[in-house]
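Student: what follows is a predicted structure for the sequence shown.
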Amino acid sequence: MFTASNGAAVSAEREVWREALGVVLATSAYGISFGALAVASGLDVWQSCVLSLLMFTGGSQFAFVGVFAAGGVAALPSAIASAALLGVRNVAYGMRMSPIVGTTTARRVAAAHFTIDESTAVAISQSDPRLRQIGFWVTGIGIFAGWNVTTLIGALVGDVLGDPKTWGLDAAAAAAFLALLWPRLKQRQAIAVGVAAAVVAASLTPFIMPGLPVLVAALVAIVVGWFNWLGRDAPVGEQNSEGER
């Protein structure tokens, strides 16, 4: 017999599916940019596709092709290190998602490759354990499939376009990465970290090998972020006198 509780459960599942698929469509579209940028940086179409298949974390991929485009093969170690630094956040996501994706080793191993920003966000926004699993798997697998398809499309289009400077693609990697970063700059401490890292990277770029300024800037960002000088809460009396921040 179909009850009101069953109807509510079905409605909740449909809502999670809609939310997850919306994220899948929006995120997968970025794959076209990555494919075109990867080819513009000097990678072949198949290399661009393999990178999406194996790395599958957008921020790290954009960082990799950005550094590689600046320094070529000589900057490859720096490109790998930059991508790895950005990928560290996925370890934290894995720890958070471990009890959600399932208790068996097989499920956790399978989930590791799909544990990204979007799948984690959709999963933890749900209140029910079953809905969290649906949100995680639909988002993770959906983006994986969509991202790789659009990477191929972008790589093929970028290969046809030819010289990236003609179309402005040589500067698109930095623009795309800034677009990913900008929404996170909502607090003074985050802005301070970003500004400090940018100043250091820009200052060192003319003097040292491509890729190394990014790594030095990452260390500066860690130091500035660790001390959290601008992120400390003001005293209660000061908050009351100035209102909410």
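Tutor: That came in fine, so what should we check first?

Student: count the neighbours of Ile100 for me.
Tutor: Counted with other C-beta atoms under 10 Å, residues neighbouring Ile100 total 16. Where you see a C-beta, it was placed from the backbone N, CA and C, and this is true even at glycine.

Student: ditto for Val67
Tutor: 27.

Student: does anything pack onto the helix ranked longest in the chain? Which helices or strands?
Tutor: Secondary structure of the chain per DSSP state H: the longest helix is helix 129-161. Judged by 3 or more C-beta pairs under 8 Å, 6 or more residues apart in numbering; DSSP states H and E, helix 129-161 is in contact with helix 4-28, helix 30-40, helix 45-54, helix 89-101, helix 105-112, helix 117-124.

Student: for the second one, buried residues please.
Tutor: To tie it back to what came earlier, the one meant is helix 30-40. Tyr30, Gly31, Ile32, Ser33, Phe34, Gly35, Ala36, Leu37, Ala38, Val39, Ala40 (16 or more other C-beta atoms under 10 Å).

Student: same list (those) but as CSV, adding distance to Leu21 and pLDDT.
Tutor: Formatted as CSV, these follow (distance: C-beta to C-beta, whole Å; pLDDT from 0 to 100):
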residue, distance to Leu21, pLDDT
Tyr30, 16, 81
Gly31, 16, 87
Ile32, 18, 86
Ser33, 21, 82
Phe34, 21, 87
Gly35, 22, 89
Ala36, 24, 86
Leu37, 26, 84
Ala38, 26, 87
Val39, 28, 87
Ala40, 30, 82
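
Student: tell me the one among these nearest to Leu152.
Tutor: Using C-beta to C-beta, Gly35 comes nearest to Leu152 of those, at 6.4 Å.

Student: so how many other residues sit close to the closest residue to that closest one other than its chain neighbours?
Tutor: Nearest non-adjacent residue to Gly35, counting by C-beta to C-beta, 6 or more residues apart in numbering: Gly154, 2.5 Å away. The local packing of Gly154 (other C-beta under 10 Å) involves 26 other residues.

Student: verify the contact between Gly154 and Ala40 for me.
Tutor: No. Counting by C-beta atoms under 8 Å, Gly154 does not reach Ala40; the two are 9.9 Å apart.

Student: what helix or strand is Ala84 on?
Tutor: Assigned by DSSP states H and E, Ala84 falls within helix 76-87.

Student: closest to Ala190 out of the buried residues of helix 30-40?
Tutor: Distances from Ala190 to the buried residues of helix 30-40, taken by C-beta to C-beta, are shortest for Tyr30, at 21.7 Å.

Student: leaving out sequence neighbours, find the closest residue to that closest one.
Tutor: Gly58 (6.1 Å).

Student: let me know how buried the one you found is, in neighbour terms.
Tutor: 23.

Student: same question, the one 3 residues further on
Tutor: The local packing of Gln61 (other C-beta under 10 Å) involves 25 other residues.

Student: Arg188 now?
Tutor: Neighbour number of Arg188 under other C-beta under 10 Å is 12.

Student: quick one: pLDDT of it?
Tutor: pLDDT, Arg188: 72.

Student: state the distance from it to Gly31.
Tutor: 33 Å (C-beta to C-beta, to the nearest Å).

Student: what does Gly59 give?
Tutor: 13 Å.

Student: can you give me the neighbour number for Thr139?
Tutor: 28.
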